[in-house]
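**Q** sequence and computational prediction follow.
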Amino acid sequence: MTGPVQVTLVGGFLGAGKTTYIARRLLPGAGDSTCVVLNELGRGDTEGSLFGASPPRLIAGGCVCCDRRDELKALLRNLVGRTRAARPSHIIIELTGMAHPERIAQQLIDDPLLRYHTALRAIVVVVDALALRQTLSRHHEAVAQIAAADRVVVSKTDLCDPATASDAVALVRHINPDVGVDGLAGDVPPKLSDEAPLAVTNTGAHTADVRTVTLEFCQPLTWQVFGAWLTLLVHAHGERLLRFKARIDTGGEGPVLLDAVQDVVHPPRHLVSWSGLTPSSSMTFISRGLDLTRLEASLTTFEHAFAQLAADPGRRGHQSSR
Ligand SMILES: [Zn+2]
């Protein structure tokens, strides 16, 4: 194979059905050169047998987003550093129930070898339809996992009534409005998956302070100014900023796509065209306990101050670029 090794992170709270999802959905048709890494908080391999003929690489007795970070890094470096023939084309990492997926995503960026040889395909988070409401009310990690997800898979919908399944989808969409939602058994009604974000009024105590706002700007934004503003925002409020996603018009040929999870900002992707869209900027913030109403004014003030400095170069300080 050529090109970077694809990496899929599968997170989700304890008992949500991560292993079942990998075994049933990701592995069939994945090809021989897919490697599964299984991380367990406990000591042993309890579910590895589900993977059948391709036994997973096991990291047990700790969590690869925190106390077993180095072990995961060493394993990934070993896998991607192999000769082309021996190297997997796809690595699926099943995280512990408590893990923050974005921390592993950050590891892939921080390490020079992994940054060059891997590409994060997706963060998939599996949630248990029956237990989701209670889990969210008790465990902050579960909220953060959903906020970090590119795709959420709702499991156990075959074990609950349709109202409970709909409730689970609504809870997911309340936290992460434009995330893709699937049923593990193909049993979330398709119309739910395609619906616009639901207006949820009763999502329980835990998600009550989760707020989402989307800002739209018709005029192009100055890339350096926006970058500086976002950096300041993330450094000051990263813990309360669960997720940030943006398509920015910098006046170029195409938009710049940006994605941040808590204080982890992924490298921007510059697209070469707008593919028929009218150029504009759109950014979505998902936060817990952050006053989102002031964001727009803050960015506008920042742009304005920069424009004044640019018009009067004598007052302009040293500019650093990231
Ligand atoms: Zn951890």
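**A** Cool, got the structure. Residues are numbered from 1 along each chain as shown.

**Q** in the protein, which helix or strand is least confident?
**A** Scoring the helices and strands of the chain by mean pLDDT, DSSP states H and E places helix 190-194 at the bottom, with a mean of 36.

**Q** residue ranges of the strands in the chain, please?
**A** 5-11, 34-40, 57-60, 90-94, 118-128, 151-155, 180-183, 210-217, 241-248, 256-261, 264-265, 269-270, 281-288 (DSSP state E).

**Q** out of the ones you listed, which comes closest to the ion?
**A** Smallest distance to the ion across those (C-beta to the ion): 8.7 Å, for strand 34-40. For glycine as for every other residue, the C-beta is placed from the backbone atoms N, C-alpha and C.

**Q** how near is the nearest residue in space to Thr164 that is not next to it in sequence to Ala163?
**A** With sequence-adjacent residues excluded and distances taken as C-beta to C-beta, 6 or more residues apart in numbering, Thr164 is closest to Ala129, at 5.9 Å. Separation of Ala129 from Ala163 (C-beta to C-beta, to the nearest Å): 10 Å.

**Q** run through the residues of this protein sitting next to the ion.
**A** Proximity of the chain to the ion, by C-beta under 5 Å from the ion, involves residues Cys63, Cys65, Cys66, Ala99.

**Q** let's have these in TSV, adding pLDDT and neighbour count.
**A** Formatted as TSV, these follow (pLDDT from 0 to 100; neighbours: other C-beta atoms under 10 Å):
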residue	pLDDT	neighbour count
Cys63	89	20
Cys65	90	24
Cys66	87	12
Ala99	91	25
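
**Q** and the furthest pair within these?
**A** Cys66 and Ala99 (7.9 Å; C-beta to C-beta).

**Q** count of residues packed around the closest residue to Gly62 other than its chain neighbours?
**A** Nearest residue to Gly62, sequence neighbours excluded (C-beta to C-beta, 6+ apart): Arg68, at 3.9 Å. For Arg68, the neighbour count with other C-beta atoms under 10 Å is 19.

**Q** got a pLDDT number for Arg68?
**A** Arg68 is assigned a predicted lDDT (pLDDT) of 90.

**Q** repeat for Leu113
**A** The model's pLDDT for Leu113 equals 95.

**Q** what sits against it?
**A** Going by C-beta atoms under 8 Å, 6 or more residues apart in numbering, Leu113 touches Arg77, Val80, Gly81.

**Q** the first one against Tyr116, yeah?
**A** Put plainly, it is Arg77. No: here Arg77 lies out of contact with Tyr116, judged by C-beta atoms under 8 Å, at a distance of 11.1 Å.

**Q** looking at those two, which one has more neighbours?
**A** Using other C-beta under 10 Å, the more surrounded residue of Arg77 and Tyr116 is Arg77, with 14 against 9.

**Q** excluding its backbone neighbours, what's nearest that one?
**A** Using C-beta to C-beta, 6+ apart, the closest residue to Arg77 is Leu113 (5.5 Å).

**Q** what about the residue nearest to Thr164, neighbour count?
**A** Neighbours of Ala129 using other C-beta under 10 Å come to 28.

**Q** repeat for Gln308
**A** 11.

**Q** how far away is it from Phe302?
**A** Gln308 is 11 Å from Phe302, by C-beta to C-beta.

**Q** what of Val154?
**A** Taking C-beta to C-beta, one finds Val154 at 39 Å from Phe302.

**Q** for the two, indicate the residue with more neighbours.
**A** Set Val154 next to Phe302 and count neighbours by other C-beta under 10 Å: Val154 wins out with 28 against 19.

**Q** identify the residues contacting the more buried one.
**A** Contacts of Val154 by C-beta under 8 Å, 6+ apart are Val127, Ala129, Leu132, Ala165, Ala168, Val169, Val172, Val181, Asp182, Gly183, Leu184, Val188.

**Q** taking those residues together, which two end up most distant?
**A** That would be Leu132 and Asp182, which, of the contacts of Val154, are the farthest apart (C-beta to C-beta) at 14.5 Å.

**Q** no further questions, thank you.
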